[in-house]
Every structure is written in C-alpha cells, then in structure tokens.
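Chemist: A structural model of the following input is requested.
(one chain, ligands or ions: 2)
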Amino acid sequence: MYGGCRFYIECFGMKLLRKRDIPEERYTNAFLGYRPEDSRFVIELTYNYGLDQYDIGTAFGYFGKAVEDVAKTVELIKVNGGKVTREPDPVKGGTTVIAFVEDHGGYKFELIERWPAPEPLCQVMLRVGDLNRSIKFYEKAFGMELLRTRDNPEYKINISLDAEP
Ligand SMILES: C[C@@H](O)C(=O)SC[C@H](NC(=O)CC[C@H](N)C(=O)O)C(=O)NCC(=O)O
Ligand SMILES: [Zn+2]
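Modeler: Residues are numbered from 1 along each chain as shown. Ligands and ions are numbered 1, 2, ... in the order given. A predicted model of the protein is given here:
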C-alpha cells in the first residue's frame with residue numbers, strides 16, 4: 001500500500017490525508033490529495049488483501065494533472081519508478097504541452113502544463129460510446145455544465161468537458 005502512496009507523494013506532491021484498515025473486510029484504503037477531502041478532489045487508493053494485479057480496461061482514459069513544468073515532473077516520475085508513455089510535447093493539434101505517465105498499477109495521468117492551478121488534479125478522461133447521451137447524463141444527473149467540445153476529425157475524436165457550474 002505505501003509503495004502506491006509513495007508515487008503520489010514523491011511525484012505529485014500530494015499528502016497522505018488518512019488511511020483506514022478494515023481487516024474484517026480484508027481491505028485498506030488511503031486518501032491522498034492537496035487539501036482536506038471535504039473541499040477538494042482526492043484519490044482513494046484501495047488495497048484488497050492479497051490482490052496486486054487489476055485490469056484497468058480501455059474505457060478509463062486518464063486523470064488530468066496540471067503541473068508547472070511537465071518535463072520536470074516527467075523526470076520525477078522516471079526517478080520514482082513510474083512509466084512515461086508519451087514524452088513532453090505540445091498536444092497533437094494544439095499548443096498545450098502534455099505528457100502521459102503511469103503509476104505502478106498502470107493508472108494513466110495526463111500531465112498538462114498549466115499553472116497556477118487551484119485544483120492540480122483537474123480532470124478525468126472517460127471514453128464513451130455515445131457522447132451526446134453522456135453529456136446529457138452528466139448535465140441532468142450530476143448538475144454539470146457543458147463547458148466546451150473539441151472536434152478533431154483528423155484524429156477522429158470528439159471531446160467534451162463538463163464541470164460543476
Ligand atoms: C485537450 C487535451 O486535454 C487533451 O487531452 S487531447 C489529448 C489527445 N486525446 C486524444 O487523442 C483522444 C482520442 C484517443 N484516440 C484516445 O482515445 O485517447 C491525445 O491523446 N493526443 C495524443 C498526443 O500525443 O497529443
Ligand atoms: Zn485530455
């Protein structure tokens with residue numbers, strides 16, 4: 001468990017906010033973030049006793065993490081045993097410098113060079129089969145607002161961004 005936490009602490013500058021061990025249910029979880037979880041997005045890592053491998057699947061895209069210097073963070077990731085799957089460079093079709101990295105469990109993070117960032121852990125990318133149906137769901141069920149869409153026909157993608165109003 002601590003190995004997983006160490007990556008987030010050393011590479012992303014997060015704090016271990018709390019850990020809870022539930023032996024009768026055979027799991028431990030750890031909450032990591034930048035500020036108390038009652039006001040900010042946190043990552044909840046769950047360790048199920050004896051399980052050290054998971055299939056993340058292809059629908060989960062990645063977490064977006066705003067950083068001041070993508071290249072510097074990539075070096076930290078390499079030093080701390082993380083994996084870099086796409087070196088720092090402007091995003092294809094755009095100008096924002098991004099990189100893609102993975103933690104030890106294979107969870108993917110897009111490092112986005114955007115600073116200052118009041119909420120460094122800033123977005124999550126989910127692949128969906130029906131964009132309009134999903135936009136409607138997040139608007140109606142979660143009260144989110146469609147901020148913008150980005151159509152990249154040359155890359156055959158359409159991205160939409162929702163957020164709390
Ligand atoms: C807008 C910015 O936050 C982005 O993240 S776009 C990044 C871009 N995304 C895609 O290409 C999505 C489609 C892809 N087939 C998928 O399912 O992930 C991306 O990953 N660009 C690659 C690059 O090297 O720039
Ligand atoms: Zn993205």
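Chemist: can you read off the pLDDT for Y34?
Modeler: In this model, Y34 is scored at 94, pLDDT.
Chemist: hey, which helix or strand in this protein has the poorest pLDDT?
Modeler: Taking mean pLDDT, DSSP states H and E as the measure, strand 157-163 is the helix or strand of the chain with the lowest mean score, a mean of 54.
Chemist: domain parsing of this structure, as residue ranges.
Modeler: With automatic domain parsing serving as the domain definition, the record reports that the chain contains domains spanning 2-127, 129-165.
Chemist: adding mean neighbour count, write those out as TSV.
Modeler: Glycine gets a C-beta too; all of them are placed from N, C-alpha and C. Written out in TSV, the entries for the domains of the chain read as follows (neighbours: other CB atoms under 10 Å):
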stretch	mean neighbour count
domain 2-127	15
domain 129-165	12
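Chemist: can you redo these as CSV with distance to ligand 1?
Modeler: Putting the domains of the chain into CSV (distance: least, CB to the nearest ligand atom, whole Å) gives the following:
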stretch, distance to ligand 1
domain 2-127, 4
domain 129-165, 4
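Chemist: okay, and for this protein, where does confidence drop off?
Modeler: When residues are selected by pLDDT under 70, those of the chain lie in 1-3, 153-165.
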